[in-house]
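Enquirer: Using only what follows, build the 3D model:
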Amino acid sequence: MIKIDEAIAVPAPPGRVWAVISDPTEVVSCINGAELGQFHDDGSFDGTLVVKFSAIRVRFGARMSLELDEPAWEGRLSARGRDGQGATRFTAHANFRISEDHAGGARVQVTGEVALAGKLASVIEAGAGAVVSRMTNDFTDELVRRCAGETAVVPAPSRPTVWARVRAWWRRTIHKRQSEQSGVASGKTQ
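Expert: Numbering: from 1, shown residues only. The predicted structure is shown next:
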């Protein structure tokens, strides 16, 4: 079991931090090696994360769900998935809460746990402390930049960005539904 208990100070108003933290596309863009996949009708979504454990790189795929309590600036993320070879399975739960600090900035408190089972579980658990620390530092740096209205300078991607793929998927879905509805409304059969 990997435990997570992190406090992140962000020099931005809590409302701005909430706008980033409550948006999966924004959060994924703050995590190196993370990508969003398909969004499902039940509100869940798919995602992948490539994590480096010493000399080993492991690609995890997961189905995630996000529950938000906007008035309280709290949320819960749940995920279930496995690595690319299917040798290691995991379940994860994380709770996050945003509060105002005494200087007018925000404090993000994240607690959670990841349960692992399978061939790579012991290797992953052994390196988890260093990996969580590295990922938290990287996430914090990018979160602070995004909340300040800045974005990290990254080379142009060779394929469409995650956000471009989400927008394209959304347009296809809306177009398909509109086409189906107009076909039904006009009495056409397909």
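Enquirer: and stretch 147-156, what's its mean pLDDT?
Expert: The average pLDDT within stretch 147-156 is 54.
Enquirer: likewise stretch 172-186?
Expert: 63.
Enquirer: ditto for stretch 118-130
Expert: Mean predicted lDDT for stretch 118-130 stands at 71.
Enquirer: distance of the residue nearest the centre of the chain from Met1?
Expert: By CA atoms, centre = their mean, the mean C-alpha position of the chain lies nearest to Val28, the distance being 4.3 Å. According to CB to CB, to the nearest Å, Val28 and Met1 sit 24 Å apart. Glycine gets a C-beta too; all of them are placed from N, C-alpha and C.
Enquirer: before we move on, what about Ala9?
Expert: 27 Å.
Enquirer: likewise Val10?
Expert: Taking CB to CB, one finds Val10 at 28 Å from Met1.
Enquirer: Who does Thr88 form a beta bridge with?
Expert: Beta-bridge pairing of Thr88 under DSSP bridges involves Gly118.
Enquirer: can you check the one 5 residues further on too?
Expert: The residues paired with His93 through beta bridges, assigned by DSSP bridges, are Ser78, Glu113.
Enquirer: My understanding was that it contacts Thr111; is that so?
Expert: No: His93 sits out of contact with Thr111 when judged by CB atoms under 8 Å, with a separation of 9.2 Å.
Enquirer: Val10 and Met1: which is more packed in?
Expert: For Val10 versus Met1, the count of surrounding residues by other CB atoms under 10 Å is larger for Val10: 22 against 8.
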